[in-house]
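In: With the input below, show me the fold.
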Amino acid sequence: MTLKDLGWNAAFEEQFAPYRSAGWRPGRLVRDNKISYGALLEGGEELEVVMSGKVYHDAETDAELPAVGDWVALDSETPSVIRARLPRQTCLSRKMPGKSTEEQVIAANVDVVVVVTAAGQDFSLRRLERYFAIIGRSGAKPVVLVNKSDLYPDQQNQAAAEAVRALSRDADVHITSTESGSSLKVLRRYLKRGVSLTLVGSSGVGKSSVINQLLGGDYQWTDEVSESTGKGRHSTTARELFVLRGGGILIDNPGIREVHMWTDETTLRERFSDIEDLAALCQFHDCKHGTDKGCAIQAAIKAGKLDPARFQGFLKLEDEIAKLRKNRKKRQMTGDRHARRQQQSRDRKFMARSLRDEIV
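Out: Numbering: from 1, shown residues only. From the prediction side, this is the model:
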């Protein structure tokens with residue numbers, strides 16, 4: 001197994017030059033064990049490694065810490081220690097679930113992100129819009145599998161696929177089934193030597209079954225499909241990277257129940273450029289796009305040229321990003337106040353010691 005098989009390229013080689021001169025070795029993280037990591041080296045050797053204190057303290061946020069898919073520099077004398085993390089070429093991330101304002105890395109240095117969905121009752125264009133927003137920011141290629149096609153009528157599968165294509169011109173959309181083997185056949189088109197691919201999707205859309213076929217064995221346990229929900233009773237519980245025998249790299253992820261936004265206004269407006277173009281045609285520049293006179297967006301909705309659900313999805317995502325920005329700013333201000341108080345306390349202690357020294 002060569003470094004190229006693991007996704008190494010000329011850009012990584014250039015970034016690694018100073019570490020190589022220090023005698024360190026490159027490795028790619030394949031598993032996060034919470035306290036330690038699994039790292040794969042040239043030749044196929046796998047080591048259990050830990051972060052150095054410097055790597056930990058230099059990271060300003062948890063998202064800057066090493067994650068599955070990252071390339072790291074390992075000390076040749078103590079190869080179990082990560083001395084540095086190379087800059088990421090792509091990074092798929094979301095906001096951590098709950099009230100946190102922190103970024104959660106889903107996969108680092110991934111080339112293709114495959115969204116697995118199905119045309120059943122859990123099919124949601126609004127959720128797919130969110131996936132496209134975070135994939136767009138990551139820099140990876142979006143691919144969508146409308147999976148489990150054997151469970152639904154062809155017309156329903158085709159309608160779902162067309163609706164997804166209308167959402168994203170950049171995404172490749174395929175109707176697939178693990179039962180017929182078409183899921184595996186489609187993904188093999190993207191899995192070339194050194195290409196990293198990750199699958200995301202809600203639990204129960206057949207993601208683990210697709211992964212089992214790619215790996216050639218039951219690495220992720222699956223069970224029968226529930227008749228009441230149409231979902232499989234299985235789950236992936238941790239992120240892990242696999243180098244496939246036929247070429248390519250797979251990063252597995254737990255099923256994502258909530259797609260919390262971690263993006264910016266620029267990415268959002270690129271994903272909804274049609275709505276931005278319509279807004280520019282409104283009679284008044286401060287149009288609220290509600291009952292305002294001359295609103296081009298409301299006119300497009302009435303004329304059937306704009307799906308009202310898509311417009312509402314845009315407003316919801318825009319509101320989430322605004323709240324995230326506000327919360328992050330509030331947290332930063334709180335941190336700054338805490339830092340100032342600590343500095344003032346240190347200054348007072350220093351002054352007190354100086355006065356005592358003068359008296360003595």
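
In: what about the strands in the stretch 151-300 of the chain?
Out: 172-175, 196-200, 240-243, 249-252 (DSSP state E, counting those that start in this stretch).

In: Nearest to residue 283 among the ones you listed would be which one?
Out: Checking these against residue 283 by C-beta to C-beta gives strand 172-175 as the closest, at 36.8 Å. C-beta here means a position set from N, CA and C on the backbone, and glycine is covered the same way.

In: Which strands or helices does that closest one pack on?
Out: Contact partners of strand 172-175 among helices and strands, from 3 or more C-beta pairs under 8 Å, 6 or more residues apart in numbering; DSSP states H and E: strand 141-147, helix 154-167, helix 182-187.

In: just these: most buried one?
Out: For the helices and strands packed on strand 172-175, the largest average neighbour count (mean count of other C-beta atoms under 10 Å) is found in strand 141-147, namely a mean of 25.

In: any idea of the angle that one forms with strand 196-200?
Out: Between strand 141-147 and strand 196-200, the angle formed by their directions is 50 degrees, by axes from the mean of the first three to the mean of the last three C-alpha atoms, to 10 degrees.

In: What is strand 141-147 packed up against?
Out: If contacts are counted by 3+ C-beta pairs under 8 Å, 6+ apart, strand 141-147 sits against strand 112-118, helix 125-138, helix 154-167, strand 172-175, helix 182-187, helix 207-215.

In: With distance to residue 90 and mean pLDDT as extra columns, can I get these in CSV?
Out: Listed next are those as CSV, based on distance: least, C-beta to C-beta, whole Å; pLDDT from 0 to 100:
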stretch, distance to residue 90, mean pLDDT
strand 112-118, 9, 93
helix 125-138, 5, 86
helix 154-167, 21, 94
strand 172-175, 17, 96
helix 182-187, 18, 92
helix 207-215, 20, 86
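
In: quick revisit: will you turn the helices and strands packed on strand 172-175 into TSV that also has distance to residue 305?
Out: Below are those laid out as TSV (distance: least, C-beta to C-beta, whole Å):
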stretch	distance to residue 305
strand 141-147	24
helix 154-167	12
helix 182-187	32
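
In: do you know which of the ones you listed lies nearest residue 204?
Out: Among those, the nearest to residue 204 by C-beta to C-beta is strand 141-147 (10.4 Å).

In: For that closest one, give the mean pLDDT please.
Out: When pLDDT is averaged over strand 141-147, the result is 95.

In: just how off-centre is stretch 37-56 within its chain?
Out: Centroid separation for stretch 37-56 versus its chain: 22 Å, with C-alpha atoms, centre = their mean, to the nearest Å.

In: same check, this time on stretch 113-125
Out: Stretch 113-125 sits 17 Å away from the centroid of its parent chain (C-alpha atoms, centre = their mean).

In: Could you pull out the buried residues of that stretch?
Out: By 16 or more other C-beta atoms under 10 Å, the buried positions in stretch 113-125 come out as 113, 114, 115, 116, 117, 118, 119, 120, 122, 123, 125.
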